[in-house]
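Trainee: Sharing a model prediction with you, sequence too.
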Amino acid sequence: MLKTIAMIPARYEAARFPGKLMQDLCGKPVIVRTYDAAVATGLFQEVYVVTDSEVIEKTIQEHGGKAIRSQKEHVCGSDRIAEAVASMDIDIVVNVQGDEPFTNEEDMERVLQVFEENDAHKIDLASIMTPMMGLEEINNPNNVKVIVDQHDFALYFSRAAIPFPRDVDAGVTYYKHKGIYAFRKQAIIDFAKLPMRPLEASEKIECIRYLEYGRTIKMVRSDSPALGIDTREDLEEARKVFKLRK
């Protein structure tokens, strides 16, 4: 059996919404809601928040959770996780974005299942995509889009609408990338050693680094909506959704 843990990278400062992980989401901070959601899946031997913030670290510990303080400065969550897991005896690490408090067990199971399938030896990491409806959602640069080949291996990620809809009758489904990644430990260790290249730097999407260096990303389809919190408007929507689910 593969030893699997979840890591939730949590940076206090966020360019679009500073301090968003400590914002109240119906009685608890966003980061605590995300931590609870990961634990509630029951799929992981351990769940950690890995952070550069004393405030976030203390908040998780006071909640009874496990937090790891980063020792170095990092530009992305994967680098932060790579430092944290370097000395751990694990097989798979799942990166759960700190601003994804509605992470669910079904999606987690799907993304982990790819490492048990026939083409598992070809996969460096796996992630999730969900269909988008409406031009406003598709054209929103806060929504990262992904295009895949016939076997659902990622071809490219972008904040732009990809593919460009030159033929609106082509029947293309647009997919949004959800903030869950499952890595083989060695893949994320290798990632942290690879210099950022221009495409990743331009789009500010860390998955692109894997593609630029020839790594393979298996995408898993999900019908559950992606409800990440990137803006204050997203937070208000999350509060509405949370109240409906209680």
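Mentor: Here it is on my side, so go on. Quantities reported herein were computed from a predicted structural model and do not represent experimental measurements.

Trainee: Show me which helix runs longest in this protein.
Mentor: Determined from DSSP state H, the single longest helix within the chain is helix 232-245.

Trainee: So for stretch 59-68, mean pLDDT?
Mentor: Average pLDDT, stretch 59-68: 96.

Trainee: Using PDB, write out the CA atom coordinates for it.
Mentor: Taking Å, rounded to 0.1, in the frame of the first residue of the first chain, the C-alpha atoms of stretch 59-68 are listed here in PDB:
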ATOM      1  CA  THR A  59      -3.900  28.900  14.200                       C
ATOM      2  CA  ILE A  60      -3.600  25.300  12.900                       C
ATOM      3  CA  GLN A  61      -1.900  24.100  16.000                       C
ATOM      4  CA  GLU A  62      -4.500  25.700  18.200                       C
ATOM      5  CA  HIS A  63      -7.100  23.900  16.200                       C
ATOM      6  CA  GLY A  64      -5.300  20.600  17.000                       C
ATOM      7  CA  GLY A  65      -3.800  20.300  13.500                       C
ATOM      8  CA  LYS A  66      -0.200  19.800  12.300                       C
ATOM      9  CA  ALA A  67       1.800  22.600  10.800                       C
ATOM     10  CA  ILE A  68       5.300  22.800   9.400                       C
END
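
Trainee: which of the residues in that stretch are buried?
Mentor: Judged by neighbour count using 16 or more other Cβ atoms under 10 Å, the buried positions of stretch 59-68 are 59-60, 65, 67-68. (Glycine included, C-beta is placed from N, CA and C.)

Trainee: same check, this time on stretch 223-236
Mentor: 226-230, 234-235.

Trainee: start to end distance for that stretch?
Mentor: 22 Å (Cα to Cα, to the nearest Å).

Trainee: Give me the residues contacting that stretch.
Mentor: 16-17, 20, 23, 25, 30, 97, 99-102, 104, 106-107, 130-131, 142-143, 176-179, 237-238, 241 (Cβ atoms under 8 Å, 6 or more residues apart in numbering).
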